[in-house]
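Enquirer: test case, fold it:
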Amino acid sequence: MRVVIQRVKSASVTVDQQQVSTIGAGTLALPDYKKSMKSAEAQIMYNKFLDMLRDGYEPSKIFDGKFGEMMDVGLVNDGPVTIVIDSREEVIGSQTSSMSLSDSDKNS
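Expert: Just a heads-up that it's a prediction; the model follows:
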């Protein structure tokens with residue numbers, strides 16, 4: 001399993017051209033289970049992950065997309081820090097990276 005955590009000024013999730021979730025300033029966590037376990041097991045773990053977040057924080061501030069769907073995630077980073085947690089890695093840490101924009105993004 002891999003989770004990418006980013007501090008954002010805003011973020012949104014769109015499925016089939018419909019926005020299913022949006023936040024203002026906060027923390028965005030993008031978990032990826034597809035290479036680590038089967039879909040049914042992954043959905044159980046994902047729901048436990050959400051429950052853990054809701055138990056440890058304000059439940060009204062925890063949003064998600066649609067499990068197993070192709071999601072388009074739009075975000076505006078708040079700083080250059082990205083934390084990647086990968087269960088396949090022996091050492092878990094964070095890294096600071098700079099973001100490079102493609103030519104199409106530079107015109108926005």
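Enquirer: now residue 44, what's its secondary structure?
Expert: Recorded secondary structure, residue 44: helix (DSSP: H, G, I helix; E, B strand; the rest coil).
Enquirer: kindly report the same for the one 4 residues further on.
Expert: Going by three-state DSSP, the secondary structure assigned to residue 48 is helix.
Enquirer: longest strand in this structure, please.
Expert: strand 71-86 (DSSP state E).
Enquirer: do you know the pLDDT at the spatially closest residue to residue 46 that is not a sequence neighbour?
Expert: In space, and not counting its chain neighbours, residue 46 is closest to residue 67: 5.7 Å by CB to CB, 6 or more residues apart in numbering. Where C-beta positions appear, they are placed from N, C-alpha and C, glycine not excepted. On pLDDT, residue 67 comes in at 88.
Enquirer: three-state assignment of residue 67?
Expert: Per three-state DSSP, residue 67 ends up coil.
Enquirer: what number of residues lie near it?
Expert: For residue 67, the neighbour count with other CB atoms under 10 Å is 14.
Enquirer: all set now, cheers.
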